[in-house]
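Enquirer: Here is the input, now give the coordinates:
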Amino acid sequence: MDRYKLIIDTLGKERFKFDEPISDHAASNIGGKAKVFFIVFSVWEISKIVDMCQTLKLPFFIFGTGSKIMISDQGLDCLVIKNRTRKIEIISVKGRVSKIGIGVEEALVEVESGVSINRFIEFLDSQNLKSDDLGRISGSIGGNLFINKILQNMVKSIKVLDLNSRILEIGAKDLSLRKHIILSAVFQIKSKLL
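Expert: Numbers count the residues shown, from 1 in each chain. A predicted model of the protein is given here:
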């Protein structure tokens, strides 16, 4: 644990778990124990813990809901980070003004990577924004952006952490599983009322 002491002391000992069963935190209910386990709740925490791991050359593994991964029953001998970021916000709307009022045609919605697809759908529905194409997708935003063409086609930009702990804004076509950790994405969503 000495190798992880600086990270643990910085982010708070009470938030870390040791020899934690990953199966308790993954949708698949599969996976052995994590040597060290931590749940992040903000983009700042992801950036901080990943930067510290990279600086200290400590191995880490980060996941969201765990619906797209299979972890060995032997577990992982590293810091395992569960992404539970949850912020969703409308950052811009496009519409028109007519005799009957203001009508929203589409919105730009920023969603943090740990948000589940189900929660994203609920948010879109509550805002009268289209969510039809998302119903068959499981998991969280972050993991799905690497593999799901439906989400990739809806995204306007993606905020990522690169291998040098820099925060960059990129397009879906530039996204690389080997080079990026997704922090959030901005989606262009049409109104249901059109």
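Enquirer: Name the nearest residue to the most centrally placed residue in the chain, sequence neighbours excluded.
Expert: Centrality entry for the chain: nearest residue to the mean C-alpha point is Ser113, 1.7 Å, by Cα atoms, centre = their mean. In space, and not counting its chain neighbours, Ser113 is closest to Gly142: 3.1 Å by Cβ to Cβ, 6 or more residues apart in numbering. Just so you know, the C-beta spots here come from the backbone N, C-alpha and C atoms, and that holds for glycine as well.
Enquirer: Assign a three-state SS to that neighbour, would you?
Expert: Under DSSP: H, G, I helix; E, B strand; the rest coil, the three-state class of Gly142 is helix.
Enquirer: Tell me the confidence at it?
Expert: Predicted confidence (pLDDT) at Gly142: the value is 95.
Enquirer: surely it meets Asn83?
Expert: Yes. Using Cβ atoms under 8 Å, Gly142 is in contact with Asn83, at 6.2 Å.
Enquirer: hey, what's in contact with both of the two?
Expert: Common neighbours of Gly142 and Asn83 (criterion: Cβ atoms under 8 Å, 6 or more residues apart in numbering): Gly64, Ser113, Gly114.
Enquirer: In CSV, list those along with pLDDT.
Expert: Formatted as CSV, these follow (pLDDT from 0 to 100):
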residue, pLDDT
Gly64, 92
Ser113, 97
Gly114, 97
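Enquirer: Among the residues you listed, which are located in strands?
Expert: Among the shared contacts of Gly142 and Asn83, no residue falls in strands (DSSP state E).
Enquirer: And those residues, which is closest to Glu20?
Expert: Using Cβ to Cβ, Gly64 is the member of those that lies nearest Glu20, at 16.5 Å.
Enquirer: for Val40, what are its contacts?
Expert: Per Cβ under 8 Å, 6+ apart, neighbours of Val40: Ile46, Ile49, Ile81, Lys82, Asn83, Arg84, Thr85, Gly114.
Enquirer: Specify which member of those is nearest to Gly32.
Expert: Using Cβ to Cβ, the contacts of Val40 come closest to Gly32 at Lys82, 15.1 Å.
Enquirer: is the closest one in a bridge, and if so with what?
Expert: Ile39, Phe63 (DSSP bridges).
Enquirer: Please look at it and Thr65 and confirm they touch.
Expert: No. The criterion here is Cβ under 8 Å, and Lys82 misses it with Thr65 at 9.0 Å.
Enquirer: Which one's more surrounded, those two?
Expert: Thr65 (25 against 21; other Cβ atoms under 10 Å).
Enquirer: Please report the distance of the more buried one from Gln127.
Expert: 23 Å (Cβ to Cβ, to the nearest Å).
Enquirer: for Gln188, same thing?
Expert: 14 Å.
Enquirer: Identify the contacts common to the two.
Expert: In contact with both Gln188 and Gln127: Ala107, using Cβ under 8 Å, 6+ apart.
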